[in-house]
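**Student:** I would like the atomic coordinates for the input below:
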Amino acid sequence: MQEIYPPILKLPPRKTTVTASIVIPNWNGHKLLKICLPSLTAQTFLDFEIIVVDNGSTDESIQYIEENFPQVNLIKLPLNIGFSPAANKGILVSKGTYIILINNDTKVDKDCIRNLVSAANLHPEVGMVAAKMLQFFNPELIDSAGDYIDMVGHADNIGFGEPSEKFKTSNFVFLVTGGGGLFKREMLEKIGLFDETFFAYYEDVDLCLRAQMAGFKGWFESTAKIWHIHKATSRKNLKLTEYLQFRNMTQTIITDFPAKLFKNPYHLLMLFLVNLNTVRFLGTHGYFKEAISSEWYILKNWQKLIQKRRAVQQMKKVSDEYMLQNIRPKKITWFGLIKV
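**Tutor:** Below is the predicted model of the structure:
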């Protein structure tokens, strides 16, 4: 197989010693960890380890962990290297059969880890399991019941803002969030870890699309509950957030979308118009520099992205039709394009 440059890190096979490894990237999340970590130590399932990867925090995060949770495997980084590289560092030292990624801005139900592991054991065809994410301050509402992506690359949470009661049934789902999901080690050994060039945002979308192409399905487990403080970290730097979301959405389209979409002239036009409209939208909201920087990054790294696409597509075991069935359609209207 052709190598991706920069290469996506491989997860070497290893003998596991615990059922699950919980990996939590953290950056200046002292107040958030005071909610998250106690909820994990109160779990009814006990066969797991906790790994916190600290991204150069300047608050009291490290001191709080060392003083109150000595059992936590704390990886201290000198600076903020981003969510995806930090998550990878945690995964690489993990010893679990299952890797559970948890955001630091969450509270985890006492039966959540047990139910995620049970779902993973019950469905051998599944490589990843999404928890039922609820809004922390409005717990009767959904934060995420799995994720989706549409034909123009927009990815979002399924059910956001809808009543929790609508999502009582566990079922197959296309994408699983890296903020509250289980990923099987055997899957990560085959498809690789998060693409570290993403830094943050869409890295879980990219990973899940690669997993689906390699034949691994996703599952939404309605009994595994996590309460999430939506965007508690991302709102700290909105300009960086807007830049990364636009840039990484475009990367994902280029590397992961089925070839059949690019052979459709109407779809190519739709992608072009949505791209231009995103630049316009960001510009009118004070993020023009971020939009142009995103476009420049794509142009500058075009050959590398094509290399990655070739390598990713070579892993594909499913048809383009399967991928298209699970990528949501997107209707583009003139009003939708001009609306700000």
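
**Student:** end to end, how far does stretch 247-266 reach?
**Tutor:** 22 Å (Cα to Cα, to the nearest Å).

**Student:** Find out how far it is from the centre of the chain, if you would.
**Tutor:** Put simply, stretch 247-266 sits 19 Å off its chain's centre (Cα atoms, centre = their mean, to the nearest Å).

**Student:** Okay, helices next: where are they in the stretch 101-250 of the chain?
**Tutor:** 112-122, 185-191, 203-213, 238-256 (DSSP state H, counting those that start in this stretch).

**Student:** give the contact list for residue 251.
**Tutor:** Contacts of residue 251 were listed using Cβ atoms under 8 Å, 6 or more residues apart in numbering, and they are 197-198, 202, 206, 298, 305. To be clear about C-beta, it is placed using only N, CA and C from the backbone, and glycine gets the same treatment.

**Student:** Distance check, it against residue 209.
**Tutor:** 11 Å (Cβ to Cβ, to the nearest Å).

**Student:** can you check residue 67 too?
**Tutor:** With Cβ to Cβ as the criterion, residue 67 and residue 209 are 41 Å apart.

**Student:** Now the host helix or strand of residue 299: buried residues?
**Tutor:** Assigned by DSSP states H and E, residue 299 belongs to helix 288-300. Buried positions in helix 288-300, judged by neighbour count with 16 or more other Cβ atoms under 10 Å: 290-291, 294-295, 297-298.

**Student:** Could you report the pLDDT at the closest residue to residue 210 other than its chain neighbours?
**Tutor:** Leaving aside its sequence neighbours, residue 210 sits nearest to residue 191 (Cβ to Cβ, 6 or more residues apart in numbering; 4.8 Å). If you check residue 191, the pLDDT there is 96.

**Student:** Count the neighbours of residue 191 for me.
**Tutor:** 23 (other Cβ atoms under 10 Å).

**Student:** likewise residue 166?
**Tutor:** 10.

**Student:** do residue 259 as well
**Tutor:** Residue 259, neighbours per other Cβ under 10 Å, totals 11.

**Student:** Contacts only, for it.
**Tutor:** 313, 320.

**Student:** Try it again at 10 Å.
**Tutor:** Residue 259 makes contact with 309, 313, 316, 320, 323, according to Cβ atoms under 10 Å, 6 or more residues apart in numbering.

**Student:** what about the residue lying closest to residue 48 once chain neighbours are set aside, how many residues close to it?
**Tutor:** Nearest non-adjacent residue to residue 48, counting by Cβ to Cβ, 6+ apart: residue 20, 4.0 Å away. Around residue 20 there are 26 other residues, counting by other Cβ under 10 Å.

**Student:** Just want the angle from the strand or helix carrying residue 20 to helix 112-122.
**Tutor:** Taking DSSP H and E as the definition, residue 20 sits inside strand 18-26. Between strand 18-26 and helix 112-122, the angle comes out at 130 degrees (axes from the mean of the first three to the mean of the last three Cα atoms, to 10 degrees).

**Student:** thinking again about what came up before, what's the helix holding residue 299 in contact with?
**Tutor:** Residues from elsewhere that reach helix 288-300 (Cβ under 10 Å, 6+ apart): 197, 238-251, 253-254, 275-276, 278-283, 285, 287, 305.

**Student:** at 7 Å what do you get?
**Tutor:** 239, 242-243, 246-247, 250, 278-279, 282-283 (Cβ atoms under 7 Å, 6 or more residues apart in numbering).

**Student:** between that helix and helix 238-256, how many degrees?
**Tutor:** 30 degrees.

**Student:** Alpha carbons only: can I get the next helix or strand after helix 288-300 in CSV?
**Tutor:** Going down the chain from helix 288-300, the next helix or strand is helix 302-314, by DSSP H and E. Extracted in CSV, the C-alpha atoms of helix 302-314 (Å, rounded to 0.1, in the frame of the first residue of the first chain):
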residue,chain,number,x,y,z
TRP,A,302,-2.9,19.3,-2.5
GLN,A,303,-0.4,16.6,-3.5
LYS,A,304,-0.2,15.2,0.0
LEU,A,305,-3.9,15.1,0.2
ILE,A,306,-4.1,13.2,-3.0
GLN,A,307,-1.5,10.7,-1.7
LYS,A,308,-3.6,10.2,1.4
ARG,A,309,-6.7,9.7,-0.8
ARG,A,310,-5.0,7.0,-2.8
ALA,A,311,-3.8,5.1,0.3
VAL,A,312,-7.2,5.4,2.0
GLN,A,313,-9.2,4.3,-1.0
GLN,A,314,-6.9,1.2,-1.4
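
**Student:** other SSEs contacting helix 302-314?
**Tutor:** helix 238-256 (3 or more Cβ pairs under 7 Å, 6 or more residues apart in numbering; DSSP states H and E).

**Student:** Beyond the helix it packs on, next helix or strand please.
**Tutor:** Counting by DSSP H and E, what follows helix 238-256 is helix 259-262.

**Student:** That'll do, ta.
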